[in-house]
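# Okay, predicted coordinates and the sequence, questions at the end:
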Amino acid sequence: MNENEIREELTKTIAEDSQNIDKILKLSHKLAALDNDNVRFSVDASVIDRLGTELVARHETAVSELIKNSYDADAKSASINFLNVDNSGGTLIIDDNGNGMTRNQLVNGFMKISSTSKIHEPVSPIFKRKRAEKKGIGRFSTQRLGNKLTIITQTVDSDFALKVVVDWEKYKMDGDLIFVPNQIEEIPKTKEKGTTLKIEGLREWWSEAMIKRVYRYAIDILQPFPLAEIKTDDNQEIKDPGFEIKCLKDDKEIADQQSMFYKHPDGRTYIGYRTGNFLAKKAMTTSGKTILELSELMPNEIIKLAGY
């Protein structure tokens, strides 16, 4: 087709078949390719497959990145359920009670490669948590883990949930990234708020030891107790209730806060570090002393200065 024929076909399609977005995109793409005065970058769809493999080396890391997304969404808890994973081909379901995503957040955040949303919003909206997942590779983690992703998300103010299904196998084919559609639909809410990720066709098998290792990879965001009160934008004080994770295999719990935080040496060490850091900051605020001055005091004196 020459330029005039493409223009005529595009005009006709917009007038008579405006819902045929795929055809409109392809005709527009062909028309842009005939622009002799400008050139444009294009992205091959297979880049998604390569990014998933190259950015996320280990599958335990991939799961921990998705857990960090739940933490960043102000979730109080998240559950990770591995189903039929003694061999490859199983299913992973990650469910949280966080803020969920609006359509705009889903389309222009999660579905946008290299989104800068977390750079512009370095803390979470409610509990003001410092973002744990800063690299924006959560979507690639789902591709690293399995062949198919189903997202169901809803916010507290929404009347419905949003559902998106992503078939990662489509991204292995040649062709421009913009021509790979992922259907989005409105469905009845599954809960008040939060996001559920269902990853099917897992590429690798998972042992109980591997599942428990996910805890260790995410230990820096686990909070076994409520944190200090913070002030909201309207000057109200709220307390971050903390963040917990439960790991299940075939619906049976195999790792929780008690077993992995208090019994595991890494967990006990980290609790000590977080508690000491919290008390030191509190003591510095209330007493006006520097960290060097506090270092000369006994632990019971620091605790007293912190108000406990």
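Received it, and whenever you're ready, just let me know what you need.
# contacts and neighbour counts: CA atoms only from here.
OK.
# list the contacts for residue 74?
Contacts for residue 74 (CA atoms under 8 Å, 6 or more residues apart in numbering) come out as 98, 99, 124, 125, 126, 127, 129.
# Now those in JSON lines, please, with extra columns for secondary structure and pLDDT.
Shown next, in JSON lines, are the contacts of residue 74 (DSSP: H, G, I helix; E, B strand; the rest coil; pLDDT from 0 to 100):
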{"residue": "98", "secondary structure": "coil", "pLDDT": "96"}
{"residue": "99", "secondary structure": "coil", "pLDDT": "96"}
{"residue": "124", "secondary structure": "coil", "pLDDT": "88"}
{"residue": "125", "secondary structure": "coil", "pLDDT": "88"}
{"residue": "126", "secondary structure": "coil", "pLDDT": "89"}
{"residue": "127", "secondary structure": "coil", "pLDDT": "87"}
{"residue": "129", "secondary structure": "coil", "pLDDT": "85"}
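# Any of these buried? List them.
With burial judged by 16 or more other CA atoms under 10 Å, the buried subset of the contacts of residue 74 is 98, 99, 124, 126, 127, 129.
# Residue 294 reaches residue 304, doesn't it?
No: using CA atoms under 8 Å, residue 294 is not in contact with residue 304; the gap is 11.6 Å.
# quick one: which of the two has more around it?
residue 294 (17 against 11; other CA atoms under 10 Å).
# The more buried one and residue 288, how far apart?
Remark: distance between residue 294 and residue 288 (CA to CA, to the nearest Å) = 10 Å.
# repeat for residue 125
Distance, residue 125 to residue 288, by CA to CA: 29 Å.
# what does residue 26 give?
Remark: distance between residue 26 and residue 288 (CA to CA) = 65 Å.
# Looking only at neighbour counts, state which of these two leads.
A side-by-side neighbour count of residue 26 and residue 288, using other CA under 10 Å, places residue 26 first with 15 against 11.
# Which residue ranges of this structure form helices?
Listed in chain order, the helices of the chain (DSSP state H) span 3-16, 21-33, 47-55, 59-72, 103-105, 117-120, 138-145, 208-217, 257, 265-287, 291-294, 299-305.
# now those helices in JSON lines, with distance to residue 154?
Shown next, in JSON lines, are the helices of the chain (distance: least, CA to CA, whole Å):
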{"stretch": "helix 3-16", "distance to residue 154": "32"}
{"stretch": "helix 21-33", "distance to residue 154": "26"}
{"stretch": "helix 47-55", "distance to residue 154": "26"}
{"stretch": "helix 59-72", "distance to residue 154": "13"}
{"stretch": "helix 103-105", "distance to residue 154": "9"}
{"stretch": "helix 117-120", "distance to residue 154": "19"}
{"stretch": "helix 138-145", "distance to residue 154": "18"}
{"stretch": "helix 208-217", "distance to residue 154": "26"}
{"stretch": "helix 257", "distance to residue 154": "26"}
{"stretch": "helix 265-287", "distance to residue 154": "32"}
{"stretch": "helix 291-294", "distance to residue 154": "44"}
{"stretch": "helix 299-305", "distance to residue 154": "42"}
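# Give me the pLDDT for the one residue sitting closest to the centre of the chain.
Among the residues of the chain, the one closest to the centroid is residue 69, at 2.9 Å (CA atoms, centre = their mean). With respect to pLDDT, residue 69 has a value of 90.
# What of residue 148?
95.
# tally of neighbours for it?
Using other CA under 10 Å, residue 148 has 19 neighbouring residues.
# thinking again about what came up before, how about CSV for the buried ones among the contacts of residue 74, with distance to residue 153 added?
As requested, those are exported to CSV (distance: CA to CA, whole Å):
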residue, distance to residue 153
98, 10
99, 9
124, 17
126, 18
127, 20
129, 21
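# Return the backbone torsion pair for residue 288.
phi 80, psi 0 (degrees, to the nearest 10).
# Might you report the residue contacts of residue 294?
With CA under 8 Å, 6+ apart, residue 294 has these contacts: 280, 284, 302.
# Break the protein down into its domains, please.
Listed by automatic domain parsing, the domain ranges of the chain are 3-33, 48-262, 271-305.
# Among the ones you listed, show me which one is buried the most.
Among these, domain 48-262 has the highest mean neighbour count (mean count of other CA atoms under 10 Å), at a mean of 18.
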